[in-house]
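>>> Test case, fold it:
(one chain, ligands or ions: 1)
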Amino acid sequence: MIFDLTEDHIMMRKMVRDFAEKECGPGAEERDEKEEFSVDIWKKAGELGLAGVTFPEEYGGVGADYISYAITVEELSRVDASVGVTISAHASLCANPISLFGTDEQKKKYLVPLATGEKLGAFGLTEPMAGSDASGTRTTAVRDGNDYILNGSKCFITNAYYADVYVVTAQMDKSKGNRGIAAFIVEKGMPGFSFGKKEKKMGIRSSATYELVFEDVRVPAENLLGQEGQGFKIAMQTLDFGRIGIASQALGIAQGAYEQAMKYTKERVQFGKAISEFQNTQFKLADMATQIEAARLLVYQAAYLASQHKPVGKASAMAKLFASETAMAVTTMGVQLHGGYGYTRDYPAERMMRDAKITEIYEGTNEIQRIVISSHILK
Ligand code: CAA
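Residues are numbered from 1 along each chain as shown. Next up, the predicted model:
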């Protein structure tokens, strides 16, 4: 498949690149060092429309396609992958399920402020005993009059603490397995809803990752997303789209690391010439460029299918699998090409390598992506 990016895509890339380089680049190292989430960057990204790229204009979004969204997350992650995942988790994992499965009232109340960037969103699926086995959720929801009462906890939740709106899954009837799970829209500040441990991470250290704790949290019945028992399928479909975001993040990290390596190897002189003149360097740069192009085609193909409202499960899993392994390979080569300097925090290469690793893990480990892909191709 050959992609002709439209004028709109090219303008989007330029706008997001300018924003990323001006607003996200300068403090990226310091935020990484201090593990500091930037509310300021999130607010500015929202003002530019980056919180709601794909959502309809009537619900506060920009009404652009998924390729524009992929470009947005790619360009942010090229400079700072923590900002990339903030936008991706917000848009793909919180606003998108509300857009796909919410009632008109839910969309007006929650999607509009999420899409305009007034509110930040998060997604609570993972639990200490339910990671890859997402249907093993132990958080419970019990109907009580006009409310559901939630008890339990969620872990590794991106954007938590700072987010205002959470899409959360809970088990209503254990005997029904995944068909007993329901999804709810939970607001920060609901009595009994609090935050536990802040994770200290290897990479994406300036993105927020916290535990969610639910102690007799009363969630109004109108905040049920979809139907009781539909929660697992809602989560799986959410992840089908979400993986386009993570694939785009991985692509952006790889692109950023490649550009840094290109710059460094042209400047670094050893044995009397720039190290870019050695064939070893040239072959590494050639491999990096080739892998990135291949990843980009898979990522944009998945985004294209999403824009066409075609099934994306296989394409997004392939894109996430390939782009994340590309990010890991390219950033590792990037550090190697920087030599000893690549191992220090004087250059962004090592941050990019640390950031790349998570893309092979979250929104389904790459082992899970292989399960998803094989289930599609063996159907
Ligand atoms: N769309 C719709 N329905 C789906 C589906 C999909 N993509 N995938 C599965 N289903 C349905 C199946 O059709 C089946 O329906 P029936 O019960 O009606 O037959 C049901 O769901 C159960 O399917 P499986 O038997 O395949 O389910 P499973 O328990 O074996 O799990 C899995 C499948 C692929 C391993 C799944 O659990 C999975 O994707 N796990 C990984 C979870 C994950 O990605 N977590 C990431 C957390 S979010 C995160 O990381 C965010 C962040 O920080 C940025």
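>>> Which stretches in the stretch 101-250 of the chain count as strands?
Read by DSSP state E, counting those that start in this stretch, the stretch 101-250 of the chain holds these strands, from start to end of the chain: 121-124, 140-144, 147-158, 165-171, 181-187, 193-198, 209-220, 224-225.
>>> Could you say which of those is packed most deeply?
Of all those, strand 121-124 has the most neighbours on average by mean count of other CB atoms under 10 Å, namely a mean of 29. Any C-beta I mention is one placed from the backbone N, CA and C, and that applies to glycine too.
>>> what about it, average pLDDT?
Strand 121-124 carries an average pLDDT of 98.
>>> Kindly export that strand (C-alpha atoms) in PDB.
What follows is the C-alpha trace of strand 121-124 in PDB, where atoms were taken according to Å, rounded to 0.1, in the frame of the first residue of the first chain:
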ATOM      1  CA  GLY A 121      -8.700  11.000  30.600                       C
ATOM      2  CA  ALA A 122      -7.400   7.600  31.700                       C
ATOM      3  CA  PHE A 123      -8.300   3.900  31.400                       C
ATOM      4  CA  GLY A 124      -8.400   1.400  34.300                       C
END
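>>> Give me the sheet partners of that strand and which way each runs.
Neighbouring strands of strand 121-124 in its sheet, by DSSP bridges, are strand 165-171 (parallel).
>>> What average pLDDT does the strand it pairs with get?
For strand 165-171, the mean per-residue pLDDT is 98.
>>> what do you get for stretch 24-40?
Per-residue pLDDT values across stretch 24-40 average out to 98.
>>> re earlier: how about TSV for the strands of the stretch 101-250 of the chain, with distance to the ligand added?
Putting those into TSV (distance: least, CB to the nearest ligand atom, whole Å) gives the following:
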stretch	distance to the ligand
strand 121-124	6
strand 140-144	18
strand 147-158	4
strand 165-171	10
strand 181-187	10
strand 193-198	14
strand 209-220	7
strand 224-225	14
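>>> interface residues of the stretch 51-200 of the chain facing the ligand?
Within the stretch 51-200 of the chain, the positions near the ligand by CB under 6 Å from any ligand atom are 85, 89, 93, 123, 125-126, 132, 134-135, 156, 158, 178-179.
>>> Taking the residues you listed together, which two end up most distant?
Based on CB to CB, the longest span within these runs between Val85 and Arg179 and measures 30.5 Å.
>>> Settle it for me: which of these two has more neighbours?
In this comparison of Val85 against Arg179, neighbours counted by other CB atoms under 10 Å, the higher total goes to Val85 at 30 against 15.
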